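Participant: Any chance you can model this:
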Amino acid sequence: MCIYCKKTEANYSVEHIIPDSIGCPPDLILKHEVCEKCNNKLAVLDNRVIQEYDLIRWMSEIPNKKGKIPKISSIRNVYTDDKGMMGDKKRIVFNSDSKPVKIEKTDIILPGYRKNSSAIDGTLKIKNNEAHFKLSRTFDTDRKFIRGIYKIGFEMQCLLEGKEKILSPFYDQYRDFIYHDIGDMELVFQYNNDHKIFNSLLNTYSNDAGRAMIVFRLLVLTYIVNLTNDEKPFDLMIWGIKNYKNIGLKYVRTIGNRVEYI
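Facilitator: Down below sits the predicted model:
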């Protein structure tokens with residue numbers, strides 16, 4: 001039986017819990033839990049998560065399924081290619097001005113930087129004959145992205161607890177949120193400034209009352225996914241702060257089609 005559609009007559013596909021284009025560890029794979037139809041339907045959520053990691057994947061040279069380093073496509077004021085202006089190295093071009101600019105030696109017009117959008121901002125400081133360049137970008141955690149993160153957490157829970165438990169009615173609320181886009185969920189995430197790039201299931205939390213949380217890392221961010229029906233919103237954040245010392249923790253929840261940060 002598929003853990004999403006609950007159909008018994010299903011052709012199962014290999015499901016990478018973490019999208020393969022981000023780099024799924026070999027121990028985070030489901031083989032007889034997700035049918036091909038649901039795998040294909042939910043690919044849009046995987047792609048939304050992958051899209052948000054475009055810049056990190058490009059900078060860290062993480063290949064896609066075809067083994068190629070992807071170009072950045074999700075950031076409005078950024079252009080990347082395989083060769084620099086001299087044809088020797090890959091390059092990234094970004095426009096920090098508010099007005100569009102033409103990329104040198106091309107016919108490409110790059111949109112300007114706009115606050116509160118999927119755009120990159122950059123600063124250049126020169127001190128003691130040394131140039132220090134800093135890029136910054138707002139992480140866009142929209143509803144579809146949060147559903148994609150919950151899909152990862154839900155499948156990790158299946159890997160840990162087993163298929164029978166995930167098929168129980170208790171998990172229908174998460175199935176509905178991920179598969180049918182019904183309901184609202186909350187999420188805590190944190191940027192890790194440790195200069196490490198990896199994917200891993202980090203921790204789990206559960207108690208006798210049936211409360212459960214999954215903690216995992218995707219490249220440079222850690223997520224805490226709440227898999228509990230009666231959990232008060234701030235309880236999750238308090239638990240996260242206690243265990244992760246509130247280093248850059250962010251709390252977000254969906255409210256219909258919009259998201260709210262607290």
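Participant: Tell me the predicted confidence for residue 89.
Facilitator: Per-residue pLDDT puts residue 89 at 66.
Participant: same question, residue 107
Facilitator: The predicted local confidence for residue 107 is 85.
Participant: Kindly report the same for the one 4 residues further on.
Facilitator: At residue 111, the model reports a pLDDT of 83.
Participant: show me the contacts for it.
Facilitator: 76, 77, 95, 100, 119 (Cβ atoms under 8 Å, 6 or more residues apart in numbering). Just so you know, the C-beta spots here come from the backbone N, C-alpha and C atoms, and that holds for glycine as well.
Participant: Buried ones among the residues you listed?
Facilitator: Neighbour counting by 16 or more other Cβ atoms under 10 Å classes 77, 95, 119 among the contacts of residue 111 as buried.
Participant: quick one: residue 179 is in a helix?
Facilitator: Yes: read with DSSP: H, G, I helix; E, B strand; the rest coil, residue 179 is one of the residues of a helix.
Participant: where's the nearest residue to residue 25 once chain neighbours are set aside relative to residue 222, distance?
Facilitator: Among residues not flanking residue 25 along the chain, residue 199 sits closest, at 5.9 Å (Cβ to Cβ, 6 or more residues apart in numbering). Distance of residue 199 to residue 222, computed by Cβ to Cβ, to the nearest Å: 11 Å.
Participant: joint contacts of those two?
Facilitator: In contact with both residue 199 and residue 222: residue 216, using Cβ under 8 Å, 6+ apart.
Participant: Comparing the two, which shows the higher neighbour count?
Facilitator: Counting neighbours by other Cβ atoms under 10 Å for residue 199 and for residue 222 shows that residue 222 has the greater number, 21 against 18.
Participant: List the residues that contact the nearest residue to residue 109 once chain neighbours are set aside.
Facilitator: Spatial nearest neighbour of residue 109, chain neighbours left out: residue 100 (5.2 Å); criterion: Cβ to Cβ, 6+ apart. By Cβ under 8 Å, 6+ apart, residue 100 lies in contact with 109, 110, 111, 112.
Participant: Find me the pLDDT at residue 100, would you?
Facilitator: At residue 100, the predicted lDDT confidence score is 88.
Participant: The residue nearest to residue 136 when sequence neighbours are not counted sits in which helix or strand?
Facilitator: Among residues not flanking residue 136 along the chain, residue 121 sits closest, at 5.1 Å (Cβ to Cβ, 6+ apart). Element membership for residue 121 (DSSP states H and E) is strand 120-127.
Participant: Return the distance of that strand from the chain's centre.
Facilitator: Chain-centre distance of strand 120-127: 26 Å, with Cα atoms, centre = their mean, to the nearest Å.
Participant: Helix or strand for residue 214, just tell me which one.
Facilitator: Here residue 214, judged by DSSP H and E, is contained in strand 212-219.
Participant: Now do that strand: which elements does it pack against?
Facilitator: Where contact means 3 or more Cβ pairs under 8 Å, 6 or more residues apart in numbering; DSSP states H and E, strand 212-219 is packed against helix 54-60, helix 143-161, strand 198-206, strand 221-226.
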